[in-house]
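Chemist: Sequence and computational prediction follow.
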Amino acid sequence: MKILVIGGAGYIGSHVAREFLDRGYEVTVFDNLSTGREENLFSDAEFFRGDIFDADKLAEVMSRGFDGCVHLAALKAAGESMQKPQEYSVHNICGTIGTINQAVTSGTIRCFLFSSSAAIFGSPAYLPIDENHPKEPENYYGFTKLEIERILGWYDKLKGLKFAAVRYFNAAGYDVQGRIRGLEQNPANLLPVIMEVAAGMRAKLSVFGTDYPTRDGTCIRDYVHVNDLAVAHVQAFERVIETGESLSVNLGSETGVTVLEMLEAARRLTGREIPAEFAPRREGDPANLVATSAKARELLGWMPQYSDLDTLVESTWNVYRDLPSGS
């Protein structure tokens, strides 16, 4: 079958594209390379450089007869979204709606895989967070993801477009086989920022908030390895194709890690000092987000293999360790 991966030169997208390729799918990547990297492209996948806002170009590519479309082209920094809601509205809502419309028009796409987020839930009313948890996002990024999930539900009812919404709980790590080495540009997530400090690319880590009601005062997050996420995308696509039913699932390791625990693990595994400073809380940061992935296990047979803390850190450090200091 043929899969279109929009944003397939990016951090998560390249891992998703590689997993589909490894499983024998015919993969095409569509990316404007604004944040994606050419070095994350594979010779066994076709590549078209283009933007989702170029409707003619997107329609031309989608007309090639894909069975599925994976949509990963969005802005994703929760803190930034609170400062730049206009940009997040345009990219994450308008751009995604245009992409969905093209998928419907194509007439062949049987499953639209949407990159969603744990940010749709906001602060937990209970833990671990399951799919039925109240959805009250506390940052604008999470709001944009929730709105698209709702829109996809309507498109399923009205146009018959089946979808899989896969909700990440903090993607981290790099390909455990070392096949993907293109760094994220201007990363905002914790682990790559720690790695940039360890590699000498930035001076220090800022720890935002030390007075949360957690075991060490810093935020707790559920980190899931990007290889495990990539597997879940393939499994979700296959489930939708097999059953003809849309689905939404949480994807996490079910284990919470604090900011300071991640920092100490990185210091231990890299052998680097990794200077850090404490800073005030960021607006829109819940104290604790940990998933239950029971539904993903039940529906997809998904079991994370690489989401332990050491593998997350080591696979990331393998990419950063050989960089020249300050690069």
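Modeler: Ah, there it is. Everything numeric in this text was worked out from a predicted model, so none of it was measured. Numbering: from 1, shown residues only.
Chemist: What count of nearby residues applies to residue 138?
Modeler: 17 (other Cβ atoms under 10 Å). In this view, the C-beta of every residue, glycine as well, is placed from N, C-alpha and C.
Chemist: so who does it touch?
Modeler: By Cβ atoms under 8 Å, 6 or more residues apart in numbering, the contact set of residue 138 is 119, 122, 123, 284, 285, 286.
Chemist: from what I can see residue 42 touches residue 18, true?
Modeler: Yes: contact criterion Cβ atoms under 8 Å: residue 42 and residue 18 qualify, at 6.5 Å.
Chemist: Check the burial of the closest residue to residue 297 other than its chain neighbours by counting its neighbours.
Modeler: Nearest non-adjacent residue to residue 297, counting by Cβ to Cβ, 6 or more residues apart in numbering: residue 303, 6.5 Å away. Residue neighbour count, defined by other Cβ under 10 Å, stands at 12 for residue 303.
Chemist: now for the helix or strand hosting residue 195, which elements pack on it?
Modeler: Assigned by DSSP states H and E, residue 195 falls within helix 190-198. Helix 190-198 sits against strand 205-208, helix 259-270, helix 309-320, with contacts defined as 3 or more Cβ pairs under 8 Å, 6 or more residues apart in numbering; DSSP states H and E.
Chemist: Strands of the stretch 151-300 of the chain, start to end?
Modeler: In the stretch 151-300 of the chain, the strands defined using DSSP state E, counting those that start in this stretch lie at 163-168, 171-172, 205-208, 220-222, 224-225, 247-251, 256-258, 276-279, 288-289.
Chemist: could you dump those to a markdown table with mean pLDDT and mean neighbour count?
Modeler: Formatted as a markdown table, these follow (pLDDT from 0 to 100; neighbours: other Cβ atoms under 10 Å):
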| stretch | mean pLDDT | mean neighbour count |
| --- | --- | --- |
| strand 163-168 | 97 | 25 |
| strand 171-172 | 96 | 25 |
| strand 205-208 | 96 | 18 |
| strand 220-222 | 96 | 24 |
| strand 224-225 | 98 | 26 |
| strand 247-251 | 98 | 24 |
| strand 256-258 | 97 | 21 |
| strand 276-279 | 97 | 12 |
| strand 288-289 | 90 | 21 |
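Chemist: possible to save those strands as a markdown table with distance to residue 185?
Modeler: A markdown table is the format used below for those (distance: least, Cβ to Cβ, whole Å):
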| stretch | distance to residue 185 |
| --- | --- |
| strand 163-168 | 19 |
| strand 171-172 | 16 |
| strand 205-208 | 18 |
| strand 220-222 | 22 |
| strand 224-225 | 21 |
| strand 247-251 | 24 |
| strand 256-258 | 24 |
| strand 276-279 | 23 |
| strand 288-289 | 25 |
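Chemist: out of those strands, which comes closest to residue 139?
Modeler: Residue 139 lies closest to strand 288-289 among the strands of the stretch 151-300 of the chain, at 11.8 Å (Cβ to Cβ).
Chemist: Mind listing what's buried along the one helix or strand residue 12 maps to?
Modeler: Assigned by DSSP H and E, residue 12 falls within helix 11-22. Buried residues in helix 11-22, defined by neighbour count with 16 or more other Cβ atoms under 10 Å: 11, 12, 13, 14, 15, 16, 17, 18, 19, 20, 21.
Chemist: Once you drop chain neighbours, what's closest to the fourth one?
Modeler: Counting by Cβ to Cβ, 6+ apart, residue 40 is the residue found nearest to residue 14 once chain neighbours are left out, at 3.7 Å.
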